[in-house]
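1. turn this into a structure:
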Amino acid sequence: MPALPSKPKAAGDDRHLVTVDENYLAPGLEDKLRLFWEKNSRSVIAVVAVLVVLLLGNEVRKRLAAQHVQEIADAYGAANTDAALKAFAASHADEPQAGLAQLRVGDSAYQAGNYAEARSAYEKAAAQLAKVPAAMPFAARARLGAAVASLLAGQTAEAEAALKKIAGDASLPHTVRAEATFDLAAQAAAAGRTEEVRGLGVEIMKMDPTGPWNERVRSLLARPAAGTAATTPMAPAKTEAVPIPTFAVPGK
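-> Numbering: from 1, shown residues only. Reported below is the predicted structural model:
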């Protein structure tokens, strides 16, 4: 019986070779990832590169900002005279510390009795500090200083109008509002308007019931009703950093 011819050797078994592309109906996870990378590798690399640049840029900006803040703080701390404070405020007009410098200039002029200069400095300080939410208490004090400086400079009507605005501004610290109200009461007492003094005293009690202004209003009411000269506002008290003086008109 003749031998059966042997089967020819296949060069390779390609029965299970399947082209995996977007038309492949059942790709595995590895195939999906490979296809995604083949199609989007350039875009992914570009996005990663952009993110790296942004992160590096953000870190650089943070370091530069911190350095800038420290430089401003050092310059502000080195300004220990009125001339230096004025120079600092002029050269750093966009910085919050410029408002604090103007506030200190106003305090110095107030203590020296230069009320027109004090008012100007306080008004500049108030305008600059009002831009910074964290500095609002200092802005309020600057407004009060400008009003009292105007009063002492003889601009009574203008000063009283400013004091009334401060007293009626519920966004300001209650201590500042009470002090402004007391200054109005002192003016009313000097003019013999006793009922007005009493009404202002009631307002002070509502604003700052535990503050010092209630006792001072009572001292105003104990004075003669008419012909009493206006009292002199208390000179601001100095502190090492940013002084926080009292501008109110105390009872004698």
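2. what ranges do the helices span in the chain?
-> Assigned by DSSP state H, the helices in the chain fall at 29-78, 82-91, 96-111, 115-129, 136-152, 156-167, 174-190, 194-207, 213-221.
3. dump these to CSV, plus mean pLDDT.
-> Shown next, in CSV, are the helices of the chain (pLDDT from 0 to 100):
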stretch, mean pLDDT
helix 29-78, 68
helix 82-91, 87
helix 96-111, 90
helix 115-129, 94
helix 136-152, 93
helix 156-167, 95
helix 174-190, 93
helix 194-207, 94
helix 213-221, 89
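4. mean neighbour count added to those helices, as TSV?
-> C-beta: built from backbone N, CA, C; applies to glycine. Putting those into TSV (neighbours: other C-beta atoms under 10 Å) gives the following:
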stretch	mean neighbour count
helix 29-78	11
helix 82-91	16
helix 96-111	24
helix 115-129	23
helix 136-152	24
helix 156-167	17
helix 174-190	24
helix 194-207	17
helix 213-221	18
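5. wait, doesn't residue 213 sit right on residue 179?
-> Yes. Using C-beta atoms under 8 Å, residue 213 is in contact with residue 179, at 6.5 Å.
6. pop the domain breakdown of this structure in here.
-> Using automatic domain parsing, the domains assigned to the chain come out as 36-78, 129-221.
7. quick one: closest of these to residue 102.
-> Among these, domain 129-221 comes nearest to residue 102, with 7.6 Å by C-beta to C-beta.
8. okay, residue 24: pLDDT?
-> The confidence metric pLDDT takes the value 52 at residue 24.
9. any idea how far residue 125 is from residue 86?
-> In this structure, residue 86 and residue 125 are 12 Å apart, going by C-beta to C-beta, to the nearest Å.
10. mutual contacts of those two, please.
-> By the contact definition C-beta atoms under 8 Å, 6 or more residues apart in numbering, residue 86 and residue 125 are jointly contacted by residue 105.
11. now for residue 136: which residues touch it?
-> Counting by C-beta under 8 Å, 6+ apart, residue 136 has contacts 129, 130, 171, 172.
12. do you know the pLDDT at the last one?
-> The predicted local confidence for residue 172 comes out at a pLDDT of 93.
13. how much space between it and residue 192?
-> Remark: distance between residue 172 and residue 192 (C-beta to C-beta) = 29 Å.
14. the two: which has the busier surroundings?
-> Neighbours around residue 172 and residue 192, counted as other C-beta atoms under 10 Å, are more numerous at residue 172. The numbers are 21 against 14.
15. would you confirm that the more buried one contacts residue 138?
-> No. No contact is recorded between residue 172 and residue 138 when judged using C-beta under 8 Å, the distance being 11.5 Å.
16. which pair of the contacts of residue 136 spans the longest distance?
-> Largest pairwise distance in the contacts of residue 136, by C-beta to C-beta, is 13.8 Å, between 129 and 171.
17. surely residue 144 is in contact with residue 180?
-> Yes. Using C-beta under 8 Å, residue 144 is in contact with residue 180, at 5.8 Å.
18. any common contacting residues for the two?
-> Among the neighbours of residue 144, those also in contact with residue 180 (C-beta under 8 Å, 6+ apart) are 163, 166.
19. just give the closest residue to residue 88, not the sequence neighbours.
-> Nearest-residue entry for residue 88: residue 79, 4.4 Å, with adjacent residues in sequence omitted and distances by C-beta to C-beta, 6 or more residues apart in numbering.
20. and for residue 221?
-> Using C-beta to C-beta, 6+ apart, the closest residue to residue 221 is residue 197 (5.9 Å).
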